[in-house]
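**Student:** Sharing a sequence plus its predicted fold:
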Amino acid sequence: EAGVTQFPSHSVIEKGQTVTLRCDPISGHDNLYWYRRVMGKEIKFLLHFVKESKQDESGMPNNRFLAERTGGTYSTLKVQPAELEDSGVYFCASSAGRGSYEQYFGPGTRLTVT
Amino acid sequence: GNSVTQMEGPVTLSEEAFLTINCTYTATGYPSLFWYVQYPGEGLQLLLKATKADDKGSNKGFEATYRKETTSFHLEKGSVQVSDSAVYFCALSKTTDSWGKLQFGAGTQVVVTP
């Protein structure tokens, strides 16, 4: 069974540019989460999809971030325009059903904004 | 609000030494508690969990006990190996939030030398 995959693994962009991160969850997992770790600090929750619907987007920092999950499969997280403080590692995780505590994480995308 | 505090790293120790990583939390109600581990170049993996007070989670020689009276979930291993070198994250999930959103500590890097 394939795990959670993320693309790209690294991205370096200039301030003001746009970047789109992609996450492919484990097949059949309804729950998809995005998290971010900035500058070696704690990993912070960004948002949560159940299938194609946003269940909780309370962690999204501002309206420069847009997440989608087309057809309840893969998800994208777009940052437009990117700012220096957006640099960090973006993790995606998926889990099976409601109340399922084990989240399976991808390797993360390291985003550097210069 | 909820928060997780864990000891800062890096923690450097020799092979076969005893490892303790302290983790304390602040939360309303009775959260579930987790330890995740991130090996170099990989995503986070669930190491162990405990869902109620006095539960002990264990895996791969690691143990942690859910201590409600001290709001702690310290991670221990009696004899570490070089392969245990990784970043360890303590996390909680509110039981009233059945969607499983995780709140993490800042992570503790552990370096085990031969």
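**Tutor:** Sure thing, it's come through.
**Student:** What residues are bridge-paired with B:Ser72?
**Tutor:** B:Thr24, B:Arg67 (DSSP bridges).
**Student:** ok, now B:Ser14?
**Tutor:** Beta-bridge partners, per DSSP bridges, of B:Ser14: B:Thr113.
**Student:** what sits against it?
**Tutor:** B:Val112, B:Thr113, B:Pro114 (C-beta atoms under 8 Å, 6 or more residues apart in numbering or on different chains). Backbone N, C-alpha and C define where each C-beta goes, glycine included.
**Student:** How much space separates it from chain A?
**Tutor:** 24 Å (C-beta to the nearest C-beta, to the nearest Å).
**Student:** Spatially central residue (nearest the centroid) of the chain, please.
**Tutor:** Went with chain A since none was named. A:Trp34 (3.4 Å; C-alpha atoms, centre = their mean).
**Student:** wait, chain B
**Tutor:** By C-alpha atoms, centre = their mean, the most central residue of chain B is B:Trp35, 3.2 Å off.
**Student:** Okay, it and A:Glu85: tell me how far apart.
**Tutor:** 29 Å (C-beta to C-beta, to the nearest Å).
**Student:** Next: A:Lys44.
**Tutor:** 13 Å.
**Student:** For chain A, what lies in contact range of chain B?
**Tutor:** For chain A, the residues in contact with chain B (C-beta under 8 Å from any C-beta of the partner chain) are A:3-4, A:31, A:33, A:35, A:37, A:40-45, A:48, A:50, A:55-56, A:91, A:93, A:95, A:98-108.
**Student:** Next step: those residues restricted to strands.
**Tutor:** A:31, A:33, A:35, A:37, A:43-45, A:48, A:50, A:55-56, A:91, A:93, A:95, A:104-105 (DSSP state E).
**Student:** got the contact list for A:Thr114?
**Tutor:** Counted by C-beta under 8 Å, 6+ apart, A:Thr114 has contacts A:Val12, A:Ile13, A:Glu14, A:Lys15, A:Leu84.
**Student:** Please apply the same query to A:Met39.
**Tutor:** A:Met39 neighbours (C-beta under 8 Å, 6+ apart): A:Ser87, A:Gly88.
**Student:** again, but for B:Glu69
**Tutor:** So B:Glu69 contacts nothing (C-beta under 8 Å, 6+ apart).
**Student:** ok, so what distance separates it from chain A?
**Tutor:** 23 Å.
**Student:** Would you confirm that that residue belongs to a strand?
**Tutor:** No - counting by DSSP: H, G, I helix; E, B strand; the rest coil, B:Glu69 falls outside a strand, being coil.
**Student:** Local confidence estimate at it?
**Tutor:** pLDDT for B:Glu69: 94.
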